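# sequence-free structure coming up:
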């Protein structure tokens, strides 16, 4: 009889606490059958805006909330800034620099940034809107339907895949609705792809393993990406 090793048992017990069943086509499918799409949203320095601009932002946010007829979740994630890519870029620039004085200045600046980040916890914040969709379960499924699924499993799988695509389309309709409502706030936003969702949830479940700087450069994201 095959037995699980201690590591396998630990992994199996850990997975029981993860609610995610699958991530595909930019959609998170949970074990209870509900779905989630995640929108990454940029931030605004509210204090630097004029009073008229602040009033416009508040009005835009109110309109966004009033436009929603389904629940959403706003999540703020704080991470330790990963400065390694920037340090690597400075190192490449340092090697390419032909002027000795500029090369020394680049080296000093690189060491300054590196030492500063080592002694100071520099955090970066990311803002997300989680859009949910819960398929309505059919309570009228009887014994005959269950027997039909057993006798014709291929047909049952095809029907399940059809329903899954329908549910995904309905979820994306909600995402488009959120995007239209966000359009008046002056924020940049984009829906996360499958790879970005995997990275986001992996970092959430393993905060001490990864300290990513950003999933996507939201400031360079066009609003049309959600249309």
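Arrived safely, thanks for sending. Just so it is clear, the model here is predicted, and its values are computed rather than measured. Numbers count the residues shown, from 1 in each chain.

# For residue 131, what are phi and psi?
For residue 131, the backbone dihedrals (degrees, to the nearest 10) come out as phi -100, psi 120.

# show me what contacts it?
Listed by C-beta atoms under 8 Å, 6 or more residues apart in numbering, the contact partners of residue 131 are 36, 37, 38, 39, 72, 171, 174, 175, 178. Where C-beta positions appear, they are placed from N, C-alpha and C, glycine not excepted.

# Who is the second one paired with across the strands?
Going back to what we said before, that points to residue 37. Judged by DSSP bridges, the bridge partners of residue 37 are residue 131.

# Report how many residues lie close to it.
22 (other C-beta atoms under 10 Å).

# if I look at it, how far off is residue 194?
Distance, residue 37 to residue 194, by C-beta to C-beta, to the nearest Å: 11 Å.

# Can you check which residues contact both of those two?
Residues touching both residue 37 and residue 194 (C-beta under 8 Å, 6+ apart) are residue 26.

# quick revisit: between the contacts of residue 131, which is nearest residue 46?
Of all the contacts of residue 131, residue 39 has the smallest distance to residue 46: 20.0 Å, by C-beta to C-beta.

# mind giving me the domain ranges of this structure?
6-81+123-226, 83-121 (automatic domain parsing).

# Give me the mean pLDDT for the first one.
The average pLDDT for domain 6-81+123-226 rounds to 76.

# helices or strands up against the top helix by length along the chain?
Among the segments of the chain that qualify as a helix by DSSP state H, the longest is helix 153-182. In terms of contacts (3 or more C-beta pairs under 8 Å, 6 or more residues apart in numbering; DSSP states H and E), helix 153-182 is packed against strand 35-41, helix 51-67, strand 123-133, helix 143-151, strand 189-191.

# That one relative to helix 51-67, how many degrees between them?
Here helix 153-182 runs at an angle of 150 degrees relative to helix 51-67 (axes from the mean of the first three to the mean of the last three C-alpha atoms, to 10 degrees).

# thinking again about what came up before, buried deepest among the domains of the chain, which one?
Mean neighbours per residue, mean count of other C-beta atoms under 10 Å, is largest over the domains of the chain for domain 6-81+123-226, with a mean of 14.

# gap between that one and the chain center?
Put simply, domain 6-81+123-226 sits 7 Å off its chain's centre (C-alpha atoms, centre = their mean, to the nearest Å).

# again, but for stretch 100-110
With C-alpha atoms, centre = their mean as the basis, stretch 100-110 stands 37 Å off its chain's centre.

# quick revisit: so which of the helices and strands packed on helix 153-182 is nearest residue 16?
Smallest distance to residue 16 across the helices and strands packed on helix 153-182 (C-beta to C-beta): 19.4 Å, for strand 35-41.
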